[in-house]
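[1] Let's see this in three dimensions:
(2 chains)
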Amino acid sequence: GEDVEQSLFLSVREGDSSVINCTYTDSSSTYLYWYKQEPGAGLQLLTYIFSNMDMKQDQRLTVLLNKKDKHLSLRIADTQTGDSAIYFCAERDSSASKIIFGSGTRLSIRP
Amino acid sequence: EAQVTQNPRYLITVTGKKLTVTCSQNMNHEYMSWYRQDPGLGLRQIYYSMNVEVTDKGDVPEGYKVSRKEKRNFPLILESPSPNQTSLYFCASSLAGQGTYEQYFGPGTRLTVT
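    Predicted coordinates:
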């Protein structure tokens, strides 16, 4: 079945860029998403990219999609302490009826 | 305020004692879904509903039931909870089940089954 994989942890220095990577298996995915979960809270949609796009930029966030390699990344420029959270990659499956989530990457910020 | 609410937020119960976690949304969304979140496993979908009276199994439906009698409510029922159902549960809703419609998540219900 479809699968979405991410590394579990990432630590970056405040002010540096963070790059969170994700791979997925469903080649017919239509939309790919990045969600953010802050401690004790539910998930919030950060950004999404349609499968026919290569890149999407939204302020400090840049999403890159390599459809050939089924690789999605989220770059956060000038990482701040408020960016500490778990980031989930997700894809909408080919039947379009559900979203499949990765295991989440916990981003921690060093001073 | 547009939101998804869940109750209770925290629950400790014993094996075999039936429980219901309620979920309600005030956005007139058609699509609703239940997930469980476990360390290292991310979110796994339990059940989803494309509209009233339409429910389908997700990836991990065993031991759970749902109903969708009204558009706004989507309760999750554990008829006979077991310790392996100890988890953090999230309800979510979106305008529709297809397209890029954002899923709005509730605050979560932390369930412990002893």
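
[2] Please make it C-alpha for all contacts and neighbour counts, starting now.
    Noted.

[3] what stretches of the chain score poorly on pLDDT?
    Because you didn't say which chain, this covers chain A. In the predicted model of chain A, residues A:1-2, A:94-97 satisfy pLDDT under 70.

[4] meant chain B, my bad for not saying
    In the prediction, chain B carries residues with pLDDT under 70 at positions B:97-100.

[5] any idea which strand is longest in it?
    Selection of the longest strand in chain B by residue count, based on DSSP state E, yields strand B:42-51.

[6] and for that strand, what are the contacting residues?
    Here strand B:42-51 makes contact (C-alpha atoms under 8 Å, 6 or more residues apart in numbering or on different chains) with A:88, A:97-98, A:100-104, B:30-37, B:55-61, B:64-66, B:68, B:71, B:96-97.

[7] Strand partners (parallel or antiparallel) of that strand?
    Sheet partners assigned to strand B:42-51 using DSSP bridges are listed as strand B:31-38 (antiparallel), strand B:54-57 (antiparallel).

[8] neighbours of the residue of chain A found nearest chain B, just the number please.
    When you check chain A against chain B by C-alpha to the nearest C-alpha, the closest residue turns out to be residue A:103, at 3.5 Å. Summarising burial for residue A:103: neighbours were counted as other C-alpha atoms under 10 Å in any protein chain shown, giving 25.

[9] where's residue B:39 relative to residue A:84, distance?
    Computed with C-alpha to C-alpha, to the nearest Å, the distance linking residue B:39 and residue A:84 is 17 Å.

[10] who's more crowded, the two?
    The residue with more neighbours, out of residue B:39 and residue A:84 and counting by other C-alpha under 10 Å, is residue A:84; that gives 19 against 11.

[11] Hmm, that one is touching residue A:107, no?
    Yes. Counting by C-alpha atoms under 8 Å, a contact exists between residue A:84 and residue A:107, whose distance comes to 5.4 Å.

[12] Cool, thanks, talk later.
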